[in-house]
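# from the sequence below, what's the structure:
(chains A, B and C)
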Amino acid sequence: MATFFQHMTNALSVGSLYALMAIGYTMVYGVLRLINFAHGEIFMIAMYMVFYGLAIFFLPWYVSFTLAIVITALLGVAAERLAYRPLRDAPRISILISAIAVSYFLQNLATVLFGGRPLTFPQVPLFTQIMTLGSVRIPRLSILVPLITLVLLALLMLLLKRTKTGMAMRAVARDYDAARLMGIDLNFTIATTFFIGSALAGVGAIMWGMKYPQINPTVGSMPGIKCFIAAVLGGIGNTAGAVLGGVVLGIVEIMLVALWPSLSGYRDAFAFILLIVVLLVKPTGLLGEKTTEKV
Amino acid sequence: MQTKTIRPSKPAKRSWVSLILTLILLSIVCFVLFKLQGVQNQLVLRIARLCAINITLALAMNLINGFTGIFSLGQAGFMAIGAYTTALLTIPASKKAMMFMLTPLVKPLDTLTLPFGLTLIIGGLIAAGAAFLIGVPCLRLRGDYLAIATLGFSEIIRVLIMNAQSLTNGAQGLKSIPSNATIWWTYGIAFIVIVFMALFTSSSYGRALKAIREDEIAAESMGVSLFAHKMMAFMLSAFFAAVGGGLLAAYNGTIGQDMFRVIQTYNVLMIVVMGGMGSITGSVIAAFIVTIGQEWLRVLDGPINLGPIHTSGIAGMRMVVFSALLLIIIVFFRNGLFGTNEATWSAIGGRLSALAGHKKRGTAE
Amino acid sequence: MRKKVLEINDVTMQFGGLIAVNNLTMFADYQEIVALIGPNGAGKTTAFNMITGVYKPTSGHIVLNKENITGMRPDRIALRGMARTFQNIRLFKALTVMENVVIAQHLRLKSSWLGATARLPRYRAENRIMYERAEELLDYMGLLDVRNEIASSLPYGMQRKLEISRALATQPVMLLLDEPAAGMNPAESLDLTRLIQGIREHFNLTILLIEHHMDVVMDISDRIYVLDYGNLIAVGTPDEIQANDDVIHAYLGVDENEA
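Sure, this is the predicted structure:
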């Protein structure tokens, strides 16, 4: 029972991390119909930023966390401005390729700037301490991560439902052309979407780094792809769906390995198998809406 | 290089001229290759061979991504299948016994060796079989879902390779692969693939693939079976990708699962995009530009002394510059060098006469 | 005696809670020109999409030449002699006029992909015939002069004609035209009327068309079906339909100015 509880909290915290990043994918997909392949690299850059803040410049954890989140958010906005906006009216395949090129570029850039050798993510004791609950010993992080995710999700929902920018974001996601005709400032709305999505990826990256403390230039690609899968799982374009998808993916991954330890070598394959099953059974995802192409 | 379409309306004289020009070009290429063979500079030889391998890989991807308009990101997986097949079937038995220390290689592979050419074909066929299994669920998906699903399968293939210790030597990879990828093998296969692509894409089946690219719903309503044609393109693409992977294994001498990450697919994608999705000549020319360009950019990794600027050499700088250049191409010249066009002799002739000021009606395709 | 080429029995199409077509029953005799009319959103294009296999009907049967084609894939239906055009033109835009028409004959090709790639004599002969037939067809439709142009560069009227040419190239027995006269002026639509009558004779076709131009519909149709909110509200000859109160109420009354 105790081990089950341990696995479950672990699964939930991994799932919450996936969820945070999946939100970024789903929001960008909502407004641009684009798989932002560079999202994983944004995540990777955030980890390096924290590393520099804590281990090189010895800044207090809250300062370096904030700086890292802001820098990654701005990086996301810059990527949109430079690589996606010029292609907004081009065929969708072009912008997808552009996203791949941005991811490729950021990986190469990170190799030059930070070196190819893996670094160790610095630990912040406040978050990583082990707590004892009865007979169960769990890192404080496992409790904090789902809580932080929930709070951020609530804030995001409030933003989407209550603020003018949030409503503009929803309008663009619903009908891009109509939104443009209604006088919504597309550039600002899309930039905001990237800002928020990338900031959430930054938060995710910090907590990911404390959980799996190894940084290298390709550290973002696997979580990146998995979180896109989580977004598809929940129904792409749907924020709550992204969170659900992330949590489901986290639970499946951790629990399958917990139940059948011999499968651990195949852990990275689960997400893809899950993706293919979902796309075949319910292509719109768990919470997605059905659409038919007009002929 | 030229693609011929049989058209009754085309004057016969022009196709004779094209044929002669093509023969001249071929003899020049053969002459250059013959000269290259005698070159002592190993670096030049390596780059020249890599160019040819990249032609094969780029055309394999162009068939599915450019001509059929299906955005597949599974190439690295198919390349891995080809590379491991060729490696396992060409490494001598004694070397295999030394390499597989943790778990011995399964029978009969532990002693079996086959001729290089045959191993390329076997690798291609296995990849085509894998493509069939992957295609059944994936080819029904649309657009970017298909991209992510094929990418997923490519990763699954890699994970399987990493875990199949008794077949692939797992994370240790394979060494001592005989270096069969000579100038003649690499260019011979590139030539075969170019000719095949030119003939196939200009055949009725190739036209059907282009129709799918232009408008799936219209193509299907005109009687083109989407699934059968997409599957055909997908399997052929996988076959050639595996052949390219086999060549790469023989070229490298060592392989490991790490070589076949998604970044490998991106490398080939960049060539295809640069040349133009749907252009054979574009892919061929871009393969040369990218391969030689990457090598040429190597200066950037070394120490730089530009007047007051001194750097002591930064490893990886060339890849940053290279990927930035690619990004610029994609953002500002998204159709690449050729778009979906081919550099046929008549198109080149048209350009030349336009340059010369003749107001001739273009016959460029 | 005339034989029925197309029979639609009790076909219903439901999207979620919306019933787009409700218990539609209709038929078309050999060499008949049948029109399907009705206000916007009446379910006409949905009916086309069911007949050509783009949508699978929720219930009912569709029979082409005595063969049940309900729920078959569009390419299988095309192979059995059904061809169509689209309301919002769907040409192979980046390809030439010639290629558009040649591709539409691919479904009759007998050579395998290997034979085609190796340019075996049989494929060469088949390919030559495909091009010859395409030239004949383009000549008949008055598009021969533009055969090497890129499809999307043609003026609108020619694109409509090219779509019809492409449909004819599949060698159909039944042709479905979705608003062929859309966006045409009276002179052009009169031209089109003659063209449609011409191709019926020339290719022994049965034609089903959706059209909003009432002059075209009344001029060429042998029989007319009227749909309103997915329901069939009238069937008859042009004269009968013009005199039908329900139709006038639901449709013609609103659309008088255009007619």
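# show me the shaky parts of chain A.
The model of chain A has pLDDT under 70 over residues A:1, A:289-295.
# residue in it nearest to chain B?
Closest residue of chain A to chain B, CB to the nearest CB: A:Phe272 (3.2 Å). All C-beta atoms are positioned from the backbone trio N, CA, C, and that covers glycine.
# correct me, but that residue touches B:Glu155?
Yes: counting by CB atoms under 8 Å, A:Phe272 does reach B:Glu155; the two are 6.1 Å apart.
# so where do the strands sit in the chain?
Picked chain A for this. Along chain A, counting by DSSP state E, strands occupy A:119-120, A:130-133, A:136-139, A:214-215.
# nope, chain C please
Under DSSP E, chain C gives strands at C:4-15, C:18-29, C:33-37, C:59-64, C:67-68, C:82-84, C:174-178, C:206-210, C:223-228, C:231-236.
# now mean neighbour count, mean pLDDT and distance to B:Gly293 too, for these, in TSV please.
Converted to TSV, the strands of chain C look like this (neighbours: other CB atoms under 10 Å in any protein chain shown; pLDDT from 0 to 100; distance: least, CB to CB, whole Å):
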stretch	mean neighbour count	mean pLDDT	distance to B:Gly293
strand C:4-15	18	93	52
strand C:18-29	18	93	55
strand C:33-37	24	95	59
strand C:59-64	18	95	57
strand C:67-68	12	95	58
strand C:82-84	28	96	48
strand C:174-178	24	96	50
strand C:206-210	24	95	55
strand C:223-228	23	93	61
strand C:231-236	17	92	66
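# redo those as a markdown table? Include distance to A:Leu159.
Shown next, in a markdown table, are the strands of chain C (distance: least, CB to CB, whole Å):
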| stretch | distance to A:Leu159 |
| --- | --- |
| strand C:4-15 | 33 |
| strand C:18-29 | 33 |
| strand C:33-37 | 49 |
| strand C:59-64 | 46 |
| strand C:67-68 | 54 |
| strand C:82-84 | 47 |
| strand C:174-178 | 44 |
| strand C:206-210 | 46 |
| strand C:223-228 | 45 |
| strand C:231-236 | 46 |
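# still on that earlier bit, more crowded one of A:Phe272 and B:Glu155?
Per other CB atoms under 10 Å in any protein chain shown, whichever of A:Phe272 and B:Glu155 has more neighbours is B:Glu155, with 24 against 21.
# residues of whichever helix or strand that one is part of that come out buried?
If you go by DSSP states H and E, B:Glu155 is part of helix B:143-163. Within helix B:143-163, the residues scored as buried using 16 or more other CB atoms under 10 Å in any protein chain shown are B:144-163.
# re earlier: out of the strands of chain C, which gets nearest to chain A?
Set against chain A and scored by CB to the nearest CB, the strands of chain C come closest in strand C:4-15, at 6.8 Å.
# pairing partners for that closest one, with directions?
According to DSSP bridges, strand C:4-15 forms sheet pairs with strand C:18-29 (antiparallel), strand C:59-64 (antiparallel).
# for B:Gly339, what are its contacts?
Each residue near B:Gly339 by CB atoms under 8 Å, 6 or more residues apart in numbering or on different chains is listed here: B:Gly276, B:Gly278, B:Ser279, B:Gly282.
# for stretch B:42-54, which positions count as buried?
Neighbour-count burial for stretch B:42-54 flags B:Leu45, B:Ile47, B:Ala48, B:Arg49, B:Leu50, B:Cys51, B:Ala52, B:Ile53, B:Asn54 (criterion: 16+ other CB under 10 Å).
# ditto for stretch B:30-40
B:Leu33.
# gap between it and the chain center?
Its chain's C-alpha centre and that of stretch B:30-40 lie 23 Å apart, by CA atoms, centre = their mean, to the nearest Å.
# what's the answer for stretch B:281-298, then?
Offset of stretch B:281-298 from its chain centre (CA atoms, centre = their mean): 12 Å.
# any idea how far apart the tips of stretch B:102-117 sit?
Stretch B:102-117 has an end-to-end distance of 30 Å (CA to CA, to the nearest Å).
# what about it, near chain A?
No: on the criterion CB under 8 Å from any CB of the partner chain, stretch B:102-117 is out of touch with chain A, staying 13.7 Å away.
# who's C:Arg34 bridged to?
Rather than Arg, residue C:34 is Val. Beta-bridge partners for C:Val34, by DSSP bridges, are C:Leu208, C:Arg223.
# distance check, it against chain B.
Between C:Val34 and chain B the computed distance is 19 Å (CB to the nearest CB, to the nearest Å).
# does stretch C:39-49 reach chain A?
Yes: using CB under 8 Å from any CB as the criterion, contacts between stretch C:39-49 and chain A involve C:Thr45, C:Asn49.
# who touches that stretch?
Stretch C:39-49 has contacts (CB under 8 Å, 6+ apart) with A:295, C:8, C:11, C:13, C:20-22, C:24, C:36-38, C:54-55, C:84, C:87, C:176, C:178, C:208, C:210, C:227-230, C:250-251, C:254-255.
# what mean pLDDT does that stretch get?
For stretch C:39-49, mean pLDDT rounds to 89.
# buried ones in it?
C:Pro39, C:Ala42, C:Gly43, C:Lys44, C:Thr45, C:Thr46, C:Ala47, C:Phe48, C:Asn49.
# nearest to B:Ile70 among those?
Among those, C:Asn49 lies closest to B:Ile70 (CB to CB), at 23.5 Å.
# name the nearest residue to A:Glu253, ignoring sequence neighbours.
Once flanking residues are discounted, A:Glu253 sits nearest to A:Phe270: 5.4 Å by CB to CB, 6 or more residues apart in numbering or on different chains.
# and the stretch 101-250 of chain B, which of its residues are near chain C?
Residues of the stretch 101-250 of chain B lying near chain C by CB under 8 Å from any CB: B:196, B:199-200, B:203-205, B:207-208, B:210-211, B:214-215, B:217-226, B:232.
# of these, which belong to helices?
Among these, the residues falling in helices (DSSP state H) are B:196, B:199-200, B:204-205, B:207-208, B:210-211, B:214, B:217-221, B:226, B:232.
# among these, which ones lie close to chain A?
Taking CB under 8 Å from any CB as the test, chain A is in contact with B:Ile217 out of these.
# any idea which helix or strand in chain C has the lowest mean pLDDT?
Least confident helix or strand, chain C: helix C:253-255 with a mean of 52, by mean pLDDT, DSSP states H and E.
# ok, now which ones touch residue 263?
Since you didn't name a chain, this refers to chain A. A:Leu256, A:Val257.
# wait, chain B was what I had in mind.
By CB under 8 Å, 6+ apart, the residues touching B:Ile263 are A:Tyr104, A:Gln107, A:Thr218, B:Ala76.
# which two among those residues are spaced furthest apart?
Largest separation among the contacts of B:Ile263 by CB to CB: A:Gln107 and B:Ala76, giving 15.1 Å.
# any chance you could map the helices in chain A?
Going by DSSP H, chain A shows helices at A:2-32, A:39-51, A:61-79, A:92-114, A:125-128, A:140-162, A:164-174, A:176-181, A:186-211, A:221-234, A:239-259, A:267-281.
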